[in-house]
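In: Sequence and predicted structure below; questions after.
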Amino acid sequence: MPELPEVETVRLGLRPALAGARLKRVEARRPDLRFPLPDGFVQKLTGARIDRLDRRGKYLLAPLDRGLTLVMHLGMTGRFEIEGDETSIRPGSFVRAASVDQKHAHIVFHTDTGARVTFFDPRRFGFMDLVETASLDKHAWFAGMGPEPLGDEFNADYLAAAFSGRRQGAKTLLLDQKIVAGLGNIYVCEILHRAMVSPVKDAGLIGRGKCAEIIKSARSVLTEALAAGGSTLRDFAGADGALGYFQHSFEAYGREGQPCTNKRCRGTVERLVQGGRSTFFCRECQT
């Protein structure tokens, strides 16, 4: 499932085409994605202007000029593609890079600038909804969501307090969206490896100093991933259809049996399963 860097990459790709644009026409080619589309989905969106394009955790948010916010989640295989006619102004990076089976084109947004933004989702694990903007923070998806990992609120003091007295492993807690928003299995593996923290060590035994290392690692890993366009695994692609390439820089994820990349470590990357998901780590240096 796309994580924060992938979702942010998509947001940045969509922003020039959607932010400030008015939705001239909206097509919902099926009544549901992962969940049924809300009543009046097409009617409420048609004619609305998208004020801006935001992200919260793994959600894309498009506040509208009519007091509603379009909430979008990519799920596992969701992707956007953008097309425009020759008379419209569009960034050069927005090109249809590859053919996609039109039977998976479920939602199409036509803007007043001539852009056509299509949401494809072969497995239909993604979803869209309309939520009152004024009560967005109280919605079940966002109420209690933790701070953004690149924000100032996610710091060593906060993380040490969140870990205090907890017997769950550090990885388990970092995957908890109530503790920190947007992190998933891939990047938590990378963050803990770079910080040299065991994914299975009781979080309550991790001191503030190591929490500071985790924060530093999170910022560097995510910043590098954003600069590289996110990681491309299976079906993920950016809004312009271009594949990200941060996966070529993974230091732990998917490297089972290969030498550890941490300095002065002669260990080997191992794999174990936690909560049904693969964890990649080095037993020698991640303590």
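Out: Ah, there it is. Keep in mind it's a predicted model, so treat the numbers as computed, not measured.

In: three-state assignment of residue 220?
Out: helix (DSSP: H, G, I helix; E, B strand; the rest coil).

In: same deal with residue 165?
Out: Classified using three-state DSSP, residue 165 is coil.

In: Next one: it, what pLDDT does it get?
Out: Residue 165 is assigned a pLDDT of 97 by the prediction.

In: Can you give me every residue that contacts it?
Out: residue 204 (Cβ atoms under 8 Å, 6 or more residues apart in numbering). Every residue, glycine included, has its C-beta placed from N, CA and C.

In: Check residue 208 too.
Out: 156-157, 160 are the contacts of residue 208 under Cβ under 8 Å, 6+ apart.

In: Name the member of these that has the highest neighbour count.
Out: residue 160 (20 neighbours; other Cβ atoms under 10 Å).

In: ok, it to residue 282 distance?
Out: 24 Å (Cβ to Cβ, to the nearest Å).

In: Ok, residue 137 next?
Out: According to Cβ to Cβ, residue 137 and residue 282 sit 39 Å apart.

In: Over to residue 143?
Out: Taking Cβ to Cβ, one finds residue 143 at 37 Å from residue 282.

In: The two: which has the busier surroundings?
Out: Shown here are residue 143 and residue 282; by other Cβ under 10 Å, residue 282 has more neighbours (25 against 11).

In: The more buried one: what's it in contact with?
Out: 193, 252, 260, 262, 265, 267-270.

In: For residue 269, give me phi and psi.
Out: phi -70, psi 130 (degrees, to the nearest 10).

In: Quick check: closest non-adjacent residue to it.
Out: Distance criterion Cβ to Cβ, 6 or more residues apart in numbering; nearest residue to residue 269, sequence neighbours excluded, is residue 255 at 4.4 Å.

In: try residue 18
Out: residue 50 (5.0 Å).

In: and if you look at residue 163?
Out: In space, residue 163 is closest to residue 203, 3.9 Å off (Cβ to Cβ, 6+ apart).

In: pretty sure that neighbour is touching residue 166, no?
Out: Yes. In this structure, residue 203 is within contact of residue 166 by Cβ atoms under 8 Å, at 4.3 Å.

In: Which neighbours do these two have in common?
Out: residue 173.

In: out of these two, which sits in the busier spot?
Out: residue 203 (23 against 17).

In: wait, what's in contact with the more buried one?
Out: 162-163, 166-170, 172-173.

In: Please report how far it lies from residue 127.
Out: 31 Å.
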